[in-house]
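Visitor: My questions concern the predicted model and sequence given below.
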Amino acid sequence: MPSGKHKSGRYRKIFVKTPGAKNVVHYRESKPNKAICGNCRKPLLGVPRDRPAVFGKLAKTERRPERPYGGVLCSACTRNLHKQKAREGQ
Amino acid sequence: MSIFNVGRVCVKLAGRDAGKKCVVVEQIDARFVMVDGGTRRKKVSTKHLEPLAQTVEIKEKASHDDVKKVFDKLGLKVWETKAKKATERPKKQKAKKEKPVKKVAKKAEEKAAKKEVKTSKPEEKEVSQEEVKTEEAIEA
């Protein structure tokens, strides 16, 4: 029987074939989904894919790009947004 | 003549200063301009700038102070670097530590005192007995 921690969804299963031709289940920690842009849903660059516990140990500048909307919108979408704002403001 | 002439107010699109207003201070070549004001003073590609209709009267290669004066009049924010204060070195202070009296030593002292009491008591008794004896002898 798998122990409780292996049933919580935190771990993913890996089936390994041993030299004795047995199939054994190994458990590895599963990673969260990739961070995506809030506008165009493309995966964000510069945002590491780690568990919150690992994320907390990183410096703030290592967690997301250091620009407005960094870690929320992709660079192309931020540019478009700022262009729109600049043109509306006139 | 490109739009990015000296004195043109722009919005920065890319990087750390994205969304901030700045002024073209110098045209370096067809692609790059020098920019100052709400952003850091930087050489910037024109692809990273969105020009506005607004222009400002500024000399070419104007210093940051000149740009600051113009921006303050217009009520725009200016990038300011905080001058770092030289931190004073903490003076070395020798911490006065009272030497903790060892409990073991105390106990030893107490023990020694007790021993002295013990040893002294029987002597007194002996003395008293001798005195008694002497007194008895005198009476006899």
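Guide: Ah, there it is. All values derive from a computational prediction rather than experimental measurement.

Visitor: how about the residues of chain A near chain B?
Guide: Residues of chain A found near chain B (Cβ under 8 Å from any Cβ of the partner chain) are A:66-68, A:75, A:78-79, A:82-83, A:85-87, A:89-90. All C-beta spots, glycine's among them, are computed from the backbone N, C-alpha and C.

Visitor: Please enumerate the strands of chain A.
Guide: A:11-17, A:23-29 (DSSP state E).

Visitor: and the last one, what does it pack onto?
Guide: What that stands for is strand A:23-29. Using 3 or more Cβ pairs under 8 Å, 6 or more residues apart in numbering or on different chains; DSSP states H and E, the elements in contact with strand A:23-29 are strand A:11-17.

Visitor: what's in contact with the strand it packs on?
Guide: A:5, A:23-30 (Cβ atoms under 8 Å, 6 or more residues apart in numbering or on different chains).

Visitor: about what we covered before: could you rank the residues of chain A next to chain B by neighbour count and give me the top one?
Guide: Neighbour counts for these, by other Cβ atoms under 10 Å in any protein chain shown, peak at A:Thr78, which reaches 23 neighbours.

Visitor: quick one: contacts for that one?
Guide: So A:Thr78 contacts A:67-69, B:13-14, B:18 (Cβ under 8 Å, 6+ apart).

Visitor: B:Lys106 in helix, strand or coil?
Guide: helix (DSSP: H, G, I helix; E, B strand; the rest coil).

Visitor: buried stuff in stretch A:28-46?
Guide: Going by neighbour count (16 or more other Cβ atoms under 10 Å in any protein chain shown), the buried part of stretch A:28-46 is A:35, A:37, A:44.

Visitor: right, I mislabeled it, should have said stretch B:43-59
Guide: B:44, B:46, B:48-52, B:56, B:58.

Visitor: now, which of the residues you listed sits nearest chain A?
Guide: Taking Cβ to the nearest Cβ as the measure, chain A lies nearest B:Glu50 of the buried residues of stretch B:43-59, at 4.6 Å.

Visitor: I figured the closest one was touching B:Leu13, is that so?
Guide: Yes. Counting by Cβ atoms under 8 Å, B:Glu50 does reach B:Leu13; the two are 5.7 Å apart.

Visitor: Quick check: neighbours shared by the two?
Guide: Contacts common to B:Glu50 and B:Leu13, judged by Cβ under 8 Å, 6+ apart, are A:82-83.

Visitor: Not counting its neighbours along the chain, what's nearest the residue of chain B found nearest chain A?
Guide: Ranking the residues of chain B by distance to chain A (Cβ to the nearest Cβ) places B:Val11 first, at 4.1 Å. Excluding the flanking residues, the one nearest B:Val11 by Cβ to Cβ, 6 or more residues apart in numbering or on different chains is A:Ala86, at 4.1 Å.

Visitor: Likewise for B:Ala62?
Guide: B:Val25 (5.5 Å).

Visitor: Doesn't the one you found lie inside a strand?
Guide: Yes. Inclusion of B:Val25 in a strand is indicated when three-state DSSP is applied.

Visitor: what sits against it?
Guide: B:6, B:33-36, B:41, B:58, B:60-62, B:67.

Visitor: rewinding a little: just the buried residues of stretch B:43-59 that are near chain A?
Guide: B:50, B:52.

Visitor: Good, we can wrap up now.
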